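**Q** Turn this into a structure:
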Amino acid sequence: MNDTKNRYVTVLWEARAKAGREAEMKAFMTAAVTPSRNDLGNIDYEAHEVEGQPGTFIIYERWENRDALDRHLSAPRMQELVPQLLELMEGSIEEGIRLLQPFRPAQLNATPRG
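**A** Got it, this is the predicted structure:
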């Protein structure tokens, strides 16, 4: 994660539906995407189903900064969705979260020294 308050934060969240609940979970996640895209500070919010793994979902999120992500996670809407989501998915929400920290290779000097 990039802890710098003024830098964007990228989140990958993976979840697997309980057996027999795959379509229900996909519909649930589909309904949750648009409101999250409209949250203050959201840059990108996309839901995906893993090819060849029906019922395995990944949400890719980018937020302007950590404060925006925290506001999203603590929104009353999100707190209401958690119990419903836990009924549909295997495991916990937290075990599927990956916070990504951006990095770039150092720039090489294009002019050879010598």
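**Q** wait, what's in contact with the closest residue to His72 other than its chain neighbours?
**A** Closest residue to His72 in three dimensions, ignoring its sequence neighbours and counting by Cβ to Cβ, 6 or more residues apart in numbering: Asp39, at 4.7 Å. The way it works is simple: take the backbone N, C-alpha and C, and place the C-beta from them, glycine included. Residues touching Asp39, when contacts are defined by Cβ atoms under 8 Å, 6 or more residues apart in numbering, comprise Ala68, Arg71, His72, Ala75.
**Q** Does the third one lie in a helix or a strand, and which?
**A** Read that as His72. Here His72 is covered by helix 66-74, with elements defined by DSSP states H and E.
**Q** Which other helices and strands does that helix contact?
**A** In terms of contact count using 3 or more Cβ pairs under 8 Å, 6 or more residues apart in numbering; DSSP states H and E, helix 66-74 is assigned the packing partners strand 9-16, strand 56-63.
**Q** wait, which of those strands is closest to Phe103?
**A** Phe103 lies closest, by Cβ to Cβ, to one member of the helices and strands packed on helix 66-74: strand 9-16, at 11.6 Å.
**Q** Please identify the buried residues of the following helix or strand past that closest one?
**A** The element immediately downstream of strand 9-16 (helix or strand, assigned by DSSP H and E) is helix 22-37. The neighbour-count criterion (16 or more other Cβ atoms under 10 Å) identifies Glu22, Met25, Lys26, Phe28, Met29, Ala32, Ser36 as the buried residues of helix 22-37.
**Q** Quickly find the element holding Arg98.
**A** Taking DSSP H and E as the definition, one finds Arg98 inside strand 97-100.
**Q** returning to that earlier point: buried stuff in the helix holding His72?
**A** Neighbour counts over helix 66-74 (16+ other Cβ under 10 Å) mark Arg66, Ala68, Leu69, Arg71, His72 as buried.
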